[in-house]
Every structure is written in C-alpha cells, then in structure tokens.
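Asks: model the following, please.
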Amino acid sequence: MIVVPRLTNFLQSRFFRTSLIEGLHNGAKILLAHFHYCNKGNHPFTIDWSSPRDIARAGLNAEQAQFMKETVEQVKIRCKFVITLVYEHGKADIYSQKS
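Replies: Numbers count the residues shown, from 1 in each chain. Okay, the predicted model is just below:
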C-alpha cells in the first residue's frame, strides 16, 4: 500500500518551508540591526561619496567608496519604482508571482 501525504497540510502555510523562511528573515533582521548600529544615525545614501573627508570618516578605501557612489546612483534611479511597488501592490505582494 502506497501512502500519499495529504496536500492540505502543505497548503495551510504561505511558504513551503516556513522554518527556513523564518530563519532567513531573522538573519536579515540581525543584519539590519547591525547596519543601524554601525551607522549610528548616518544615512549612507545621502553622504557625498566623492568627498575625501566623508570617505575617511566612513573608513572606506577607494574601491569601496566607488561602490557606494555607484550604489547611490542606482538607488536614486530605482527609488520611484520601489515606492510605486509598495504603494500600488502592498508590501506583502511585492515578491509574489501574481500578475
């Protein structure tokens, strides 16, 4: 006799492996808390990354400063798109595959 697991148990949760998702979410929260602790109120996307004084204060080398400068440019480009996603589709639906 072949035993087939009941699908209703799998469909009760939003995610297939809830414990894995919870672990990843907790890890992301820890990284975010560490980020806030390290920045101590500074906003890395508002810093002038071409200023030697600001680069020295952040303790970055030239390659890291260039990365931050390029990241700031990408954030400015994509900011309106992300805000549109959040307000038009709701935070919970950003990553869903619904059309």
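Asks: for this protein, give me the ranges with low pLDDT.
Replies: Judged by pLDDT under 70, the chain has its weakly predicted residues at 1-15, 39-42, 85-86, 89-99.
Asks: apply 80 and report the result again.
Replies: 1-16, 35-45, 80-99 (pLDDT under 80).
Asks: can you map out the helices along the protein?
Replies: Applying DSSP state H to the chain gives helices spanning 7-11, 18-39, 52-58, 62-89.
Asks: quick one: which of those is nearest Phe45?
Replies: Within these, the stretch nearest Phe45 is helix 62-89; the backing value is 5.2 Å (CB to CB). In this view, the C-beta of every residue, glycine as well, is placed from N, C-alpha and C.
Asks: any chance of the helices of the chain in CSV, with distance to Thr46 and mean neighbour count too?
Replies: As requested, those are exported to CSV (distance: least, CB to CB, whole Å; neighbours: other CB atoms under 10 Å):
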stretch, distance to Thr46, mean neighbour count
helix 7-11, 45, 8
helix 18-39, 11, 10
helix 52-58, 10, 13
helix 62-89, 8, 12
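Asks: let me have the ones you listed in CSV, extended by distance to Phe45.
Replies: Below are the helices of the chain laid out as CSV (distance: least, CB to CB, whole Å):
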stretch, distance to Phe45
helix 7-11, 40
helix 18-39, 11
helix 52-58, 12
helix 62-89, 5
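Asks: distance of Leu31 from Ile83?
Replies: Separation of Leu31 from Ile83 (CB to CB, to the nearest Å) stands at 22 Å.
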